[in-house]
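J.: here is a sequence together with a model predicted from it:
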Amino acid sequence: MGEKAVVFLIALAIGLASFIIHMPPEASAILFGRPLVQTPFYDDFYQSIYNGLYVGACGGGSGWVNGDVMRLVCEGRRVFPIPYVDYKLNQPPLYLLLASLSMYVSNALGFKPGLPQASLVFYLLQSFVEIMFLIASALIYYRFTRVIEAPLQKRLLSLFFPSLIAYSIYSLDTLTLFFLVSSLYYSAVHKTTYSALMLALGSSVNVFLLIPLALLVYLDARGRLQINYIPVLLSLTPYILFLLASPGSLLDYLTYLIEGSSNNGLAIILSSLTGRAGYGLWVGLYMAVIYMLLLLGERPGGGGFHTVLISFTLLAIVLNPSLPPQSLVLMTPLLYLPLTSLQDLTLLYATDFLNTLVIPMWFKDSTLRYYANMYLGLNLPVYDNPFSLDSPVQWVVQARNILLITLVLKAASQLSWPRVFKVNKR
């Protein structure tokens, strides 16, 4: 069996495992006659779009702006809700386009919100999209590892992590992974315009990709590489269209990202101690760090531009005020590549395992507090607030964060960044 076939089968197995553990009971009952998993893993896209928006249309759910379209959706009419115009959610354009497509397909097939068949349609469509992008990501990342002549185990096992199972079907993160690894591949073969294009298009799924895109734009401005901006700007069309359709909605989303996006990062510690001022301080420090990383990316060295892009991206993720568990879908493949010692790899898998526990623990916070008091002799308040530093959930999250920073710094040093690098101008 060839290497590419092994990579394909591993990605498929990860995708199918994720498909099973996230499957809603109503969908499982239709497909298999019974629930396969008694307590499925939380699926953010399914819960926020199917339950929150689609089923919520019949209860005047929050998020809907156009009451007429909301009524048609509830009645099962064949209608395609326009994101930011008919409804508003704090999500990027392509994410919401898939949400609208799911509602349209379900109604077009004759299934109204709340029917088990509608649940199945939503889950199958989401799962198909995420698994296909997971497989595509694995194959492209394999091509990337071949280009940089990575060892065999790095070529085959870069996606073989528990977090990929836990979060491949979650919030369209495999789409983000696809655009990120595609950008890395094109950077390795010196096609920097394609690399920038992938990041720009991917930002319509996850706005974070604008940060590594900023690195490419900066280095182009400094004459270190060359980008043709026409296709890059065209790939931002989803943002441009929705900006024209509803300027306020899109700007509200971008404001939300800056002002209120403290999700399981180290910023929670500072925010808990000093309130909103602490969060603002962290955001300011983060922007300053990103600026310094841009400057460092320009420094002379010889490691290849892809090493700079990997290091920059890892540092930008781990220091971000928002570091939700699905972030490791992007991080673990990049971290696995430069880390070689048994100690480092053991720490990486331990970190990834802790990350896998976050969502199952998230909805059991009060229970965990109760047992921590009982068996550890603590005196924790027993209530549900997994963002609080006195929560066992945050103990796991912050332990993960500390290990992640250690691993990212080690990976960046292994990649010898910043070093002199030269990229052919094409």
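T.: Here it is on my side, so go on. Residues are numbered from 1 along each chain as shown.
J.: Provide a list of residues in contact with the residue nearest to residue 176 when sequence neighbours are not counted.
T.: Spatial nearest neighbour of residue 176, excluding adjacent residues (Cβ to Cβ, 6 or more residues apart in numbering): residue 206 at 4.1 Å. The way it works is simple: take the backbone N, C-alpha and C, and place the C-beta from them, glycine included. Neighbouring residues of residue 206 by Cβ atoms under 8 Å, 6 or more residues apart in numbering: 92, 172-173, 175-176.
J.: for residue 252, same thing?
T.: Residues near residue 252 by Cβ under 8 Å, 6+ apart: 88, 90.
J.: in the helix or strand where it lies, what counts as buried?
T.: Using DSSP states H and E, residue 252 maps to helix 247-259. Buried positions in helix 247-259, judged by neighbour count with 16 or more other Cβ atoms under 10 Å: 249-250, 253.
J.: and it, how far out from the chain middle?
T.: For helix 247-259, the separation from the chain centroid amounts to 19 Å (computed by Cα atoms, centre = their mean, to the nearest Å).
J.: and after that helix, which helix or strand comes next?
T.: Next element after helix 247-259 (DSSP H and E): helix 267-274.
J.: what is the mean pLDDT for that next one?
T.: Averaged over helix 267-274, pLDDT sits at 75.
J.: with only the CA atoms kept, save that helix in CSV.
T.: Backbone C-alpha positions of helix 267-274 (Å, rounded to 0.1, in the frame of the first residue of the first chain) are rendered in CSV as follows:
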residue,chain,number,x,y,z
ALA,A,267,-6.2,36.0,28.5
ILE,A,268,-8.8,34.5,30.9
ILE,A,269,-6.3,34.6,33.7
LEU,A,270,-5.6,38.3,33.3
SER,A,271,-9.3,39.1,32.7
SER,A,272,-10.3,37.2,35.9
LEU,A,273,-7.8,39.2,38.0
THR,A,274,-8.4,42.6,36.5
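J.: for the closest residue to residue 332 other than its chain neighbours, give me its contacts.
T.: Spatial nearest neighbour of residue 332, excluding adjacent residues (Cβ to Cβ, 6+ apart): residue 161 at 4.5 Å. Applying Cβ under 8 Å, 6+ apart, we find residue 161 in contact with 328, 332-333, 336, 349, 352.
J.: that older thread, looking at the contacts of residue 206, which are in helices?
T.: Under the assignment DSSP state H, the contacts of residue 206 contribute 173, 175-176 to helices.
J.: coming back round to it: now the helix holding residue 252: mean pLDDT?
T.: 76.
J.: the stretch 301-426 of the chain: strands as residue ranges?
T.: In the stretch 301-426 of the chain, no strands are found when defined by DSSP state E, counting those that start in this stretch.
J.: distance check, the residue nearest to residue 176 against residue 172.
T.: 8 Å (Cβ to Cβ, to the nearest Å).
J.: before we move on, what about residue 253?
T.: 15 Å.
J.: next secondary structure after the helix or strand hosting residue 69?
T.: Per DSSP H and E, residue 69 falls inside helix 67-74. Of the helices and strands lying after helix 67-74 in sequence (DSSP H and E), the nearest is helix 93-108.
J.: what's in contact with stretch 70-89?
T.: Residues contacting stretch 70-89 (Cβ under 8 Å, 6+ apart): 48, 53-54, 57-58, 60-61, 63-66, 69, 93, 96-97, 99-101, 103-104, 107-108, 110-113, 242, 245-246, 249-250, 252.
J.: filter the residues you listed to the buried ones?
T.: 48, 53-54, 57-58, 61, 63-64, 69, 93, 96-97, 99-100, 103-104, 107, 111-113, 242, 246, 249-250.
J.: so what's the residue count around residue 244?
T.: By the criterion of other Cβ atoms under 10 Å, residue 244 has 9 neighbours.
J.: residue contacts, residue 241?
T.: Counting by Cβ under 8 Å, 6+ apart, residue 241 has contacts residue 93.
J.: now do the buried residues in the helix or strand harbouring residue 133.
T.: Using DSSP H and E, the element containing residue 133 is helix 116-147. For helix 116-147, burial by neighbour count (16+ other Cβ under 10 Å) applies to 118-124, 126-127, 129-131, 133-145.
J.: okay, how far is it across stretch 316-332, tip to tip?
T.: 14 Å (Cα to Cα, to the nearest Å).
J.: pLDDT of it, averaged?
T.: 93.
J.: same thing with stretch 391-398?
T.: Here the average pLDDT along stretch 391-398 is 96.
J.: start the count at 488 instead of 1 going forward.
T.: Okay, using 488 as the starting number, the last item reads as stretch 878-885.
J.: output that stretch in PDB with nothing but the alpha carbons.
T.: Coordinates of the C-alpha atoms in stretch 878-885 are reproduced here as PDB (Å, rounded to 0.1, in the frame of the first residue of the first chain):
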ATOM      1  CA  SER A 878     -13.400  25.500  37.700                       C
ATOM      2  CA  PRO A 879     -11.700  22.100  37.100                       C
ATOM      3  CA  VAL A 880     -12.400  22.800  33.400                       C
ATOM      4  CA  GLN A 881     -10.100  25.800  33.500                       C
ATOM      5  CA  TRP A 882      -7.500  23.900  35.400                       C
ATOM      6  CA  VAL A 883      -7.300  21.500  32.400                       C
ATOM      7  CA  VAL A 884      -7.500  24.400  29.900                       C
ATOM      8  CA  GLN A 885      -4.700  26.400  31.500                       C
END
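J.: how far off centre is that stretch?
T.: The chain centroid and the centroid of stretch 878-885 are separated by 20 Å under Cα atoms, centre = their mean.
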